[in-house]
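J.: Compute the structure for the input listed below.
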Amino acid sequence: MKLISRFIICISTIIFTSCSLNIERKIYGSYYLISTDVDNDTNISVRLYDGNYLGKIPNQVVEYSLTSDFIFAKQQNYRYRTSKLENEVNYYILELSTGNVIKYGFEEFENFVKDENIKNLEWEHP
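T.: Got it, this is the predicted structure:
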């Protein structure tokens with residue numbers, strides 16, 4: 001009887017603690033918007049051959065934009081105690097040809113966009 005009880009407890013724990021995907025939206029190629037359970041946990045990940053995801057841009061992506069060469073993302077850290085986003089916005093640039101990601105502040109991001117002659121970014125919400 002104890003063995004059956006332990007088995008039921010183990011199975012129940014696995015079922016109720018596993019993460020389910022709330023958002024799984026393809027952006028481009030193998031890059032996806034991913035969110036597990038909570039909308040404000042949205043990140044940008046690359047889908048691996050085995051079906052798992054590897055995070056490239058951390059949680060709390062609030063907007064993203066796609067060009068032929070880059071995925072741009074605005075990210076704000078979320079304070080769980082106050083249930084609010086922080087004021088500071090981080091800018092991430094993912095280069096599609098290499099998969100490299102660079103984090104910038106606002107001025108650095110604006111300079112990058114200007115240097116690359118990128119105009120009229122269209123931002124989308126996850």
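J.: can you list the weak-confidence ranges in this structure?
T.: 1-21, 38-40, 78-86 (pLDDT under 70).
J.: rerun that using 90 as the cut-off
T.: For the chain, applying pLDDT under 90 flags the ranges 1-23, 35-41, 59-60, 76-88, 125-126.
J.: now for the longest strand along it, which elements pack on it?
T.: Determined from DSSP state E, the single longest strand within the chain is strand 21-28. In terms of contacts (3 or more CB pairs under 8 Å, 6 or more residues apart in numbering; DSSP states H and E), strand 21-28 is packed against strand 31-36, strand 61-66. For glycine as for every other residue, the C-beta is placed from the backbone atoms N, C-alpha and C.
J.: Extract the C-alpha set from the helix or strand hosting residue 103 and format it as PDB.
T.: Counting by DSSP states H and E, the element that carries residue 103 is strand 101-104. Coordinates of each C-alpha in strand 101-104 appear next as PDB, following Å, rounded to 0.1, in the frame of the first residue of the first chain:
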ATOM      1  CA  VAL A 101      23.200  38.200 -29.100                       C
ATOM      2  CA  ILE A 102      24.400  41.600 -27.800                       C
ATOM      3  CA  LYS A 103      22.800  43.600 -25.000                       C
ATOM      4  CA  TYR A 104      22.700  47.400 -25.300                       C
END
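J.: in it, what counts as buried?
T.: Neighbour counts over strand 101-104 (16 or more other CB atoms under 10 Å) mark 101, 104 as buried.
J.: After it, which helix or strand is next? Please name it.
T.: Next along from strand 101-104, by DSSP H and E: helix 106-115.
J.: how far away is the spatially most central residue of the chain from residue 53?
T.: The centroid of the chain falls nearest to residue 43 when counting by CA atoms, centre = their mean (0.8 Å). Residue 43 is 9 Å from residue 53, where distance means CB to CB, to the nearest Å.
J.: what is in contact with these two at once?
T.: Taking CB atoms under 8 Å, 6 or more residues apart in numbering as the criterion, residue 43 and residue 53 both touch residue 34.
J.: ends of stretch 77-89, how far apart?
T.: Across its full length, stretch 77-89 reaches 8 Å between end residues, using CA to CA, to the nearest Å.
J.: Please give me every residue in contact with the residue nearest to residue 35 when sequence neighbours are not counted.
T.: Leaving aside its chain neighbours, residue 35 sits nearest to residue 23 (3.8 Å; criterion: CB to CB, 6 or more residues apart in numbering). Shown in contact with residue 23 (CB under 8 Å, 6+ apart): 33-35, 39, 42, 126.
J.: Many thanks, I have nothing further to ask.
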